[in-house]
Structures are given as structure tokens and as C-alpha cells.
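>>> Sequence and predicted model, in that order:
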Amino acid sequence: WSVCMYLHPPASNSIKTSKYNFFTFLPLNLFEQFQRIANAYFLFLLILQLIPQISSLPWFTTVVPLVLVLAVSGVKDAIDDFVRFVSLSCTLDFTLHSSLMPSVSVCVQADLLLLSSSEPHSLVYIETAELDGETNLKVKQALTVTAELGEDLQKLTDFNGEVKCEAPNNKLDNFTGTLALRGEKYALDNEKMLLRGCTIRNTEWCFGLVIYAGPDTKLMQNSGRTTFKRTSIDRLMNVLVLMIFAFLALMCLILAIGNGIWESDKGYNFQVYLPWAEDVTSAPLSAFLMFWSYVIILNTVVPISLYVSVEIIRLGNSFYIDWDRKMYYPLNDTPAQARTTTLNEELGQIKYIFSDKTGTLTQNIMCFNKCSINGKSYGDVYDQSGQRIEINENTEKVDFSYNQLADPKFAFYDHSLVEAVKLNDVPTHRFFRLLSLCHTVMPEEKKEGNLVYQAQSPDEGALVTAARNFGFVFRARTPETITVVEMGETKIYKLLAILDFNNVRKRMSVIVRSPEGDLTLYCKGADTILYELLHSSCESLKEETTEHLNEFAGEGLRTLVVAYKNLDEEYFQDWIKRHHEASTALEGREDKLSEIYEEIEKDLMLLGATAIEDKLQDGVPQTIETLAKASIKIWVLTGDKQETAMNIGYSCNLLYDDMADVFVIEGSTSEDVLNELRNARKKMKPDSFLDSDEINIQIEKSSKNPKLLPDEQANGVYGLVINGHSLAYALEGNLELELVRTACMCKVVICCRVTPLQKAQVVELVKKYKKAVTLAIGDGANDVSMIKTAHIGVGISGQEGMQAVLSSDFSFAQFRYLQRLLLVHGRWSYIRMCKFLKYFFYKNFAFTLVHFWYGFFSGFSAQTVYDQWFITLYNLAYTSLPVLGMSLFDQDVDDRWSLLFPQLYVPGQENLYFNKTVFIKCMLQGIYSSLILFFIPYGAMYNTMRSDGKAIADYQSFALMAQTCLLIVVSVQIGLDTSYWTVVNQFFIWGSLSVYFAITFTMYSDGMYLILPASFPFVGTARNTLSQPNVWLAIFLSIALCVLPVVGFRFLKALLRPTASDKVRRNFSNARPHRCKRLRRTSTRRSGYAFSHQHGFGALIMSGRNMRPKSPFATTGTFSPNSDKYKHKGL
Amino acid sequence: GGGAVKTRKPDNTAFKQQRLPAWQPILTAGTVLPAFFIIGLIFIPIGIGIFVTSNNIREYEIDYTGIEPSSPCNKCLNVSWDSTPPCTCTINFTLEHSFESNVFMYYGLSNFYQNHRRYVKSRDDSQLNGDNSSLLNPSKECEPYRTNEDKPIAPCGAIANSMFNDTLELYHVENDTRTAITLIKKGIAWWTDKNVKFRNPTGDGNNLTALFQGTTKPVNWPKPVYMLDSEPDNNGFINEDFIVWMRTAALPTFRKLYRLIERKSNLQPTLQAGKYSLDITYNYPVHSFDGRKRMILSTISWMGGKNPFLGIAYITVGSICFFLGVVLLIIHHKYGNRNTSADIPN
């Protein structure tokens, strides 16, 4: 373990996500493929066909399709795997080398023990958004002994110690170990660890020792196993295939029994003309063999090309996702990508979406958006007539060019605020002075004028940046001073105390002495807290400010109230003494401190309020609204704080005031959580506690095995917010049922402070108890586990981290593309797949069952009705392209209508288009068609003649007639199923029919016969039979009888019980959809506050531990805009 | 280079954006109802036409198996393949109506499973096509009729072995004088069968006896294949009776064309009403498996032989279509406007 990072072989940090290598591919892939029941079954069939006594069809009828199927799926798997392999190895190579010397911001790729860093006291600032979704900056500090190593490579390579640590585990917030160095032992904890997935910020360099690498890292331990995902249709297909096997066995049994009876009754006597086969000595033996012969003949009910066709359709529909321009994000040149090509139709069945917050719903950018100063609100833009106008890219920004130190990225639109600043409005100046003084931000100025703030929370950063732009530039700080450039004039304030933030106080204050000698306390905090501390003279201002606060909250902004207080010198001296005593107290320091803080933070003078926008990704509220209309339930799982998460919930329309209630589960014992959950459920559905409730009965009955729970309907719209620590209890054995019942009744569930593993557990929970398809969407490494767990994982691409994208099934750049992915691509894929399966099973039933009826007329001898070539080519050549065409091009309504009527999505969730009932219907239709297809040719040929007097009822003519009827009937049927006839569909359908006739005439031609008489015995049949009028009369009759009932039924169904899609098609097919403009939501909810951390950096700042040697620019005296201009001139 | 900025933006083609122009038919009352009526209106006249045509066809059928003790052929019921002299019997019958156009004479077998899988494949098409190597080394499919006494059978297989070999002769009886009716034995097989599928082996000269040297006759046959007929172009594998037999039937009850009776003059019907007698050389045993043998005389029409099924089926389907059209129309009238309103919330 005493391996320094240099010596660590990089290869071992790679993570195996590819399934195969060059040598294992063939056996593994074949093994995997034969695990599919169907493929194994075809292998079995092939073996059967090689037994001469049983073989009723030549071997090539099975081998040709089987090899084709295996080859196509094998190649596809290989490509999938290769793509995955290549994309992963690239990122790893890149990151491993750069993590040695992090310059600005670098992603850590292994779990490191921090040895030393460029920062004072070997501090390292990291961001853990990738890891736990938290957005604030965190500090890690190296051991003093290792910090001495510095950046001396020699010392580092000679570093020889021994680290003992616990085995790799998934606890992100815990690490215990010891470092033995030169005979001394040092305790190691999480404070010295840089975990894989975190980003190093504002640190020039740091050195670390790799503790865990590759799959051992805490991140990877959290990200769950890569499992092979299957869609519900896949699973249904396996069940159906089993059902078909049973049906097949039944048919074969009937036919075998029939054969036994026939052989003992007729066949025995018919031996004068047809002796029994050599080894067959009795009717039962013949029946036994015939059972297997019929298995071969009727095997086409389980169509061999089913799986390969399904794969092709999914692949095609995946390409549409890759190609969609409306899911392409031009800003970072990212198109959508279907990384897994086997899950498409599942996109049309999503019922639960589990979304990450940071980076997915929000941009993780905080903007100083509005403020209220001394009763006047700033931030809105009005036109000449006094109408408020919407801010967009074209709105004129405020020009901050007068301020050399302004941050060019900062945008503000209300010019009146700048005017107020320029007019030296006292409250406005005080307001911005407060913002530039009251915070714990660290400045960095490597190049003159190029200020970078290291903010512990992005909100604070936004506030300080705002003050900076308006002319109150926070320039530098020492433990005792804060340097601010106020309107071009450098002022150094004496920092006397920081009354730091914590979760109970919900406010922070600083006490400073201005250069003029004034003592002032500046305070910012949550409105609820601060309003209690105001001086009574602020009553009227308080009212006005409250009004503004409501307005800000209504727009989903995060608000803070700011206030100040001028302090009396004597009182302060007394206070600071007591403060010092308290802060050095050995017992109850925390309590004593907060007591003394409270004492001074009162009778404050209200200054105003700030409003910060946690910028949502574009179109998030609209997308959420559309998805909600499609009855998709959205759960937000975030590592962030409850307040932040709820705030985002409100601002993106997940939570709203019209909701009947929003339950907050924050109990810290198992019983508390249980009670909170029960109370919530009692309120939503009191009936659900009755013994007569069907779910209670069901749970009672199957107390051991978890069973799928049906959906419960609440008596209103509810939301649920649950905290990470409560969730930990709720996910334990006996509570999870309670959790899932309560949570699934709510329209929206927000889980905060959850670990990556918990995210996966929540998804797993819903998967376990609900028969629903789940989708997880996220952007960071902390979302990997849930992305892998959910049925569908979606990664937000185009940002720094690639972990989420790499383990996702689909990726795109913006959350809003989700609605198009689900409502358009998903819906179409689902409908196409269902239509495909319906038709596919139908056509094979109709095809195969004709053999069954023929058995009764051919002595149950496993004689096929059709030519063996027709049997080989039916699924491969004659009927594959039209159905593929339909499955690749069909759309019932176009994309605009799909998005406009999200309720069109619901049938997919309910799995209405393809399920067992639908399958039985297909089967019955197939049976009906096969009856028609056998008995109409039978009737048309029975005891009759051709128009030239020759017999027509020979086997070959009958075969040709039956197969032609069949092919035309199934072609008409596909025409009926196709609702979107493109050129390609026309070409495929007419082409397949033409190909059938062309191939038939070719194979039945003299030339082919003369080359291979044994393989093409049907010579002349096509010419002689298809010229007969009654053959065509029979064909038309069969078509009419097979198709007209379907047409009538569909017409009646659309007439009497129209589906949503029927209505849209009928009523709007000619209209152009237009979107009505959405109204702005109104909410009166007062939003959270801007602090996103538990403990501030206050202590760190006051102790000076994180201070660099003095910044070279901060104390260069005056540095005003004017002097700056002068400087420029001089240059 | 080219200077063009490479972008991953997908192409804006109708295909990739799924905007291909398309025809989107919907099943509306305007299309479905007329379809039903039109199909009904087309099918019913066709059905009537077929039915009338079929009814105008003259057909006469005699079962000469001889099951009933009274039947003249009863004595031959248990005949065996190699009985000599052959059993003969004569059946007299009367045609009530005259047969005006060409008459076709068929033999029909019932309960005869020519479509049994093992039967169907028990042949060697290469041998029948005149391939010399197959002639001497027939396919394994022919077992157990592949060789006899170590000599290859030509033609091999169960189909050939069980070839129908009754001889039927037809006489017109007028005033106790029997006039033989000319039965034409050529032109009863498909042209493709006679000229492409079936060929005699080739070799030096045209002597079939020499060409079939080294083979033996099928077990059941009284004489070898090269003695089926005296005419060289109807002998050997290209004997038309043989070819007709080798075209196996699809169903256990079937007819095969036996002879043609051509209309001699325009003035006289081919077969006038009156008394006839059928002389049967009864060689073919069917009683052991409950088989039946029939002789059929039939004229034909543009659509073939007598077949009431198609006509009735067309009339029935046509009527049902029409009726369904009416029912759907009523339903549409009653409920049609109820659900078409746009009750999809916006």
C-alpha cells in the first residue's frame, strides 16, 4: 500500500464495462444467444431434423434462418460492445494523467489520500456535485506530516509509509485508516480523502496516494452492477413463446394421437400400397415419431426470424433518435444518442421518472436576479407603456463598463438599479456594501483585475459577484480585514467578528469597522428568522419588502433578507470580550456562542431582500407539465438539501400551491418515519387502512413474498418530500411497503440528501412493487447507480462528467428532450413494436395452422401443405420487408400531435397494445385465417377439374394455391395495419408480392428443374395452375373472408369505442397543431434561503488558516476606475 | 479541410426526421361502407354466374368398386395384383341427358392417401427425368421399393408401384349392339410433365428395352415400364397414364383424367342420351383398405368441372357483405356522431 501514485500502473484503474474480448466473443455470445429460449429451441429442431425417421422438412429450412439470425444478432452485439469499450477507454486515459497535477479544475479518477497541495495548510477545495449532487465547495486538508512533502518530486518518490485502511466499501462519507510513517501512526479520516468523481477547484496542484482504484473506489462501489437490461416486451415474448410451445405441444399431441388412430385403422390396411417405414412396427411408435415430425413442421408458430426482426426494428428506431434534429443541442454540438439499441419500445411505457436535480433539472448556475432595496423592487424590465416585458436574449443588458473590475459574465437588465447606485442612493450603497462584506467567500486574483471568487455556496458567489458588478468589489481579505473597492475607491474594513451560519440560526452576520471608524453589524438570512429580529421602526418597510418577497418567491427565486445595525463602541467591546470567552469555552461552546450571537443580532434595520435564481435548464417546467399530463410520475432524487430541493420542486412546477398537501418525512427513528408515512397515507386515502382494502388483503395473504401492488388513487394531488436519513429507515425491510404505498399515491416525490446507492434502492423499490416501467435521468457520477438500476437510464451529455452518460442507455444534452424521447420516439417505437408483434404472430399462425388442418386429410403424416422452398422463404423473403417497413415508418399521429396530446401516451403505460389478451386475439385471428386458407382451396378443388379437363386437385397445385392465397391475404393484412404509407412501404409490399411471383415462376421453371430435379419438383405448377380462373376465384374469396371481418371490426371499434389516437386522427388530421401559450405559475410560497451548507467557513477565515500570503494587488492602494483608465492611457 | 465547420448536427432529410410524405388512410364510414356494398354487389353476380355455369355441366359418376353384392363387380372385390386371368366385369348405365361438348373420362379413388408424406416423397425425380445414374441407383427415398432382387426398380418408389391399372372401356348400347366409343389416351397429362419432367433414359438408339437394361419392374406391375404402351412416344416414363398417376393428389378423395372423348361432328352430341356399358378389367385392389373406385364422365366449362362450392360461397359471402354493409350503416347512423366530437382536452 505504500505505492505512490506515480508507480501505480494506470491500467488497473480501468473499469471493465465491456462484456467480451476477442477470444471469448464467439463462445460467450453464442452461449448468451442460446440462452434465449427461442434460439435453443431452433437448435433442438435442427437436431430433430437430422434424425431421418422424424425429419419432415429438409434441414435447410431451419439452418438457413438460424445461421442468419445468429449472425445478425452476433454482429450487432459485437458492435455494441466495441462502441462501449472504445468510448470508455478514451476517457480513462485522459483523466489518469491529468489528476496528478490538477491545474484549475480536474476530476479525480481514483480514491486518493491527500498528501500535499499548493494551498496554504495543504487545503484542497473540491466540488462533489458528481458524487453526491451537492453544489457547494468543500475543503479537504492533508496531514501535516505529508504536507511537508510539498511538490518535491524526489521527496514524494521516496515517501515510504504504510497505510492500513478498511476494505473497499460504498460509504461515501466515511473512511478510517492509519498511516504509519517513520514509526509514528497517524489517523486517517474522510477529511483527508479525495474520492473519485469529485472535482478539484481553485487549487494549483496537489499530490495524493491512491488508496482505492478502479472498481474499488467508493464511487464505483456505489454505482451498482451492470446488468443486461431487457424490456417488458422481451419478457412477455419469452412468456408467449412458452405459451406457444404449450400450444404447439398440444397440436402435435392431437396430431400424433390422430396418427396413431389412423395408422392402426387405415394405415395398417393401406400397407398394400404404402408399407410402414422400416423401423416402425406399430401404430404407437409411428405416433411417437409423428409427434416430433409435427414439431418440426409446426415450428414456424415460433418464428425464427422474430428475434432478429425485433432487433432490427429497435436498431432502426434507435437511429431515428440519433438523427433527430429536435434533440440536437447546438450550443455544445451534442446530438441525442441511443446507446443501448434494445430498449426502444420501453420508452413508450414509462410510468415513473427518477430525476437527478443538479445538472439535470437545474444548470447549477446561480444568478442574482432581483432585489428589493428600501421598499423598491429592482430587476423587472418595463416597456414605455409600463408593461412588464419578458426577458430574453434580445433584452438590453445593463452596461457595467464603467467598472473595470466587473465580471463580464454577469447580466442584469434593470437600468434603474445602476442609476440608483450612480446617484449615490444611501440605502442602495449600504445594500451592496453589505453584500460585499457579509459572506465567507475567498477571492483570488492571479492576474490584476481578474478576480475569481471561491464561494462555498454558489448563492453566496452570486451575491458577491452582483455587488462587484454594481461597484462594490470585494477584492481581498485577511483574517482581520476585508478590502473592498467601493465605486472605484479602495477601502479596507476591519473584520471584527463573523457570526457564522448554521442550520438552526439560518443567518450569518459580520461585524466590521469601516475606515471611517464606524462599527456596523451586517446580517443576511432567511426572512422568517430575520423578521423577528428587526427594529420596530421597520414595520412599514417590512410590509413592502414582504410584498416583494412574495413576488420573488412566486417566480421561484431563492430569497434572502438583509439587514444592518450600527453598533455602540462600548457595548461592542463588552460583547467581543464575552464572545471570546464563549469561543474558548471548553464545555457547551456551541450553545454559548449562539446565545451571544443572538444577543447582538437584534433590533436590526431592514435593508431589503435579494432574489437568486437557481437557473433551471431550458424548458424544464413545460416538460414536466407535459410529462405529468401523460400520467408519468416524477420523483426527484437529489443529494442536495431539503430546502434547495423543495425550492426547485416549486420552481419547475413539480410542486405547486394547488396541491392538497406536501408531506415532509424527516423522522430520525424508524417509528417516526412509520408514523409520518402512515399519517400521510391516512390523509390521502383513509380507506386504505380498512381491513377490506384489497391491497391489505393481498399483503395479508402473501406476507412473505413481495407481490406487485396495484395502483392506489389518492383523494387529491399530493407531494411527498423525504429526507435521506428518513429514507434509510424507510428502505428497511418492514417499512418499504409502507413507503411504496404512500409515495406511489403522491403525484410527486422528492428525496433529498440521498446517497447514490439510495437512489438505486428507491428505483429498485418501485421496480419491485409496481408493475411499471421506470426511467432514471441524471448527469453525474452519483446518478450512475440509479441509471443502471432503472429500466431505462438516461444520461445528460455534453457536460464535464461522462460517468452518467457512459452507463446510460440514452443520452442527450437537455432535460427538455425527454418529452420528445418519450412522447414521440418512445410512443412510436412502442406502437411499431406492438403492431409488428401482432402482425408477426398472426402471419405465422395463419401460415402454420394450415398444416394442422391438412393433417386430418393426409393421414396425419406430417405432410406439409406448401412447397419446402416457400416454407424456407416465407418469413425471410416474402413477408419480412413489408412488416419491417411498417415497423420502421409507421406513425398513427405525427410528432406535433403526439406532444400536444400527451394522453396519447397512456395506452403504452397500461401496456394496452400488446399483452396476453391481444396475443390470444392474434392467435384466434390466425386460426380463423388458417381455416379459410385451407378450406377455401379445398372446396374450390374438391372433385373438380381444370378448364382443360385435367385434374386440378393434385398436391402441387393445391400447395401453390394455398400459398398464394396465404401470401396475398397476409399482404392485404399488412396493408390494413399500415397507417402511414410511405413510398418505402408501397415498394416493400408490392415488391414482396412481385418477388414471390418471380421466385415462384423461377423455381418452378424448366431450367431449375433440369439442373436439380430433386430440389425443384414443382416444375410447371405455376404456369399450369395460376392460369386457372377458379384458382383466382378461390384466392379472391379467401381474401374477402379473411380481411372483411377485420375491416368491419376495426371500423366498429373506431366508431363505438374510439381511442384517443383515433379521435386525433379523425378530427385533426388536416389541421395544423398550434401550441397555446402557457400562463406563468403563481405561487405564494416563500422559498428557501441562499446558504447551502451546514457550517460556514467563518472559523476558517477568522483563524486565517486558508489565507495565502497577501495578494499582490489587494493592497496597492487606490485602484479606481479613473486611475485604471489613466493606466491604460499610459500604456 | 474545406473550412466548413464540422458539426454533429443530424441531417435534415425527410427520412431521418421521419417526415417522409405518406398516405394515411383511415377506416371511415366513407370508405368502409361503400367497400362492403361494392364487394357484395360484385360477389353476388359472380356467384350466380359460377353457380349457373357449374349447373350446366353434365357429369355422370359410377362407383364400380363392387361393395354391394348386387354389383356386377362384386366378384372382383378381392382381386389381387397378380391374378390371372384378370377379373373383368361390365356395368350398364343410362345417360339421361346427352353430353354435348368434349367429354372427359376420369377414374376416381376414395380413401386413397396419395398425399401421405412417405408416399409423396417415395419417388426419384432424377430417375424419372431420364438420368442414367439414378436409373441404376435410385434415391433412398424410394425404399422399400428401391431395388428388387438386387436390381434397381424403374420407376422406383411407392407411387409408381401402386399405379392404377384398371382398364376401362366404354360402349354405347343401342338396340343391343355395342358400339365402342373411341377413348383418346394422349393429351391427358400436363405438357410440362410430358415434355420436361418426365423423360426416358437416353443412350444408343431408341430401344427402350435396351435403355432400361439392368433394371427391374416395380413389384406390383405385371410388365415393365417399357411395355406400358405400344406407341414409342407414350411408352416408358413418358406414358401419360403413368405421368397422371405420378402427379399425386392433394386429398384422399381424388379424380384423375383417364381418357378423352372428342366431339366428332357439330351435329351430334359427343355422348347422346341412352344406354351405355362400361367394361372394366378389374386389376386394382382397394377393398382391403376400404377404398372406392369410380368412373366419371364430365363435360367442362370455362371455369373447369362441376363445382357448386365456389358459386354458393360467392353468393353467400356477397350477401353477408351486403347485409353487414347495411348493419354497419345503421350503427354508423345511430352512433356515428356521438364520439366524433373533439372531446380530447386541450
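Ah, there it is. The structure presented is a predicted model; accordingly, all values stated were derived computationally and were not measured.
>>> ok, how many other residues are close to A:Val995?
15 (other CB atoms under 10 Å in any protein chain shown). Quick note: C-beta positions are derived from backbone N, CA and C, even for glycine.
>>> looking at this, it is in a helix?
Yes: counting by DSSP: H, G, I helix; E, B strand; the rest coil, A:Val995 is found in a helix.
>>> For it, which non-adjacent residue is closest in space?
Spatial nearest neighbour of A:Val995, chain neighbours left out: A:Ala877 (6.5 Å); criterion: CB to CB, 6 or more residues apart in numbering or on different chains.
>>> Same check on A:Tyr320?
B:Gln18 (5.9 Å).
>>> Buried by neighbour count: which residues of stretch A:1004-1015 qualify?
A:1004-1005, A:1008-1009, A:1013-1014 (16 or more other CB atoms under 10 Å in any protein chain shown).
>>> swap in stretch A:230-250?
A:231-234, A:236-237, A:240-241, A:244-245, A:247-248.
>>> Could you do stretch B:184-201 as well?
B:188-190, B:192-194, B:196-201.
>>> And the contacts of that stretch?
Here stretch B:184-201 makes contact (CB atoms under 8 Å, 6 or more residues apart in numbering or on different chains) with A:950, A:1006, A:1009-1010, A:1013, A:1017, A:1019-1020, A:1023-1024, B:125, B:128-132, B:135, B:208, B:211-212, B:229, B:234-238, B:240-244, B:246-247, B:257-262.
>>> Report the buried residues of stretch A:420-434.
Neighbour-count burial for stretch A:420-434 [16+ other CB under 10 Å]: A:420-421, A:425, A:427-434.
>>> and those residues as CSV, adding secondary structure, pLDDT and distance to A:Glu598?
Converted to CSV, the buried residues of stretch A:420-434 look like this (DSSP: H, G, I helix; E, B strand; the rest coil; pLDDT from 0 to 100; distance: CB to CB, whole Å):
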residue, secondary structure, pLDDT, distance to A:Glu598
A:Ala420, helix, 89, 33
A:Val421, helix, 88, 33
A:Asp425, coil, 88, 32
A:Pro427, helix, 91, 26
A:Thr428, helix, 92, 29
A:His429, helix, 92, 28
A:Arg430, helix, 92, 23
A:Phe431, helix, 93, 24
A:Phe432, helix, 93, 27
A:Arg433, helix, 92, 24
A:Leu434, helix, 92, 20
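>>> Just flag the most distant two among those residues.
A:Ala420 and A:Leu434 (15.0 Å; CB to CB).
>>> Grab the nearest non-local neighbour of the most centrally placed residue in chain B.
Closest to where the C-alpha atoms of chain B average out (CA atoms, centre = their mean) is B:Ala249, at 6.2 Å. Nearest residue to B:Ala249, sequence neighbours excluded (CB to CB, 6+ apart): B:Gln114, at 4.4 Å.
>>> residues near that neighbour, how many?
So B:Gln114, with other CB under 10 Å, has 25 neighbours.
>>> Quick check: phi and psi on it?
Here is the backbone geometry of B:Gln114 (degrees, to the nearest 10): phi -70, psi -10.
>>> With B:Phe104 instead?
Dihedral angles (degrees, to the nearest 10) for B:Phe104: phi -110, psi 130.
>>> Leaving out chain neighbours, which residue sits closest to it?
A:Gly949 (4.0 Å).
>>> Kindly confirm my reading that that neighbour forms part of a strand.
No: using three-state DSSP, the assignment for A:Gly949 is coil, not a strand.
>>> where does the stretch 151-300 of chain A come near chain B, residue by residue?
A:266-267, A:269-270, A:272-275, A:277-278, A:293 (CB under 8 Å from any CB of the partner chain).
>>> how about 7 Å then?
Selection of the stretch 151-300 of chain A residues close to chain B by CB under 7 Å from any CB of the partner chain yields A:266, A:269-270, A:272-275, A:277.
>>> those helices in the stretch 201-346 of chain B, which residues are they?
B:208-211, B:240-246, B:308-335 (DSSP state H, counting those that start in this stretch).
>>> now those helices in TSV, with distance to A:Tyr980 and mean neighbour count?
Putting the helices of the stretch 201-346 of chain B into TSV (distance: least, CB to CB, whole Å; neighbours: other CB atoms under 10 Å in any protein chain shown) gives the following:
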stretch	distance to A:Tyr980	mean neighbour count
helix B:208-211	63	16
helix B:240-246	50	22
helix B:308-335	25	18
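>>> Next, give phi and psi for residue 182.
I'll assume chain A. The phi/psi pair for A:Arg182 (degrees, to the nearest 10) is phi 50, psi 50.
>>> my bad, chain B
phi -70, psi 120.
>>> The closest residue to it other than its chain neighbours: what's it in contact with?
Leaving aside its sequence neighbours, B:Thr182 sits nearest to B:Ile261 (CB to CB, 6+ apart; 7.1 Å). Going by CB atoms under 7 Å, 6 or more residues apart in numbering or on different chains, B:Ile261 touches B:102-103, B:105, B:181, B:183, B:270-271.
>>> From A:Ser594, how far off is B:Ile261?
Distance of B:Ile261 to A:Ser594, computed by CB to CB, to the nearest Å: 123 Å.
>>> Which residues are in contact with whichever residue of chain A sits closest to chain B?
Chain B sits closest to A:Gly1020 of chain A, with a gap of 2.8 Å, by CB to the nearest CB. Neighbour list for A:Gly1020: A:1004, B:190, B:192-193, B:196-197 [criterion: CB under 7 Å, 6+ apart].
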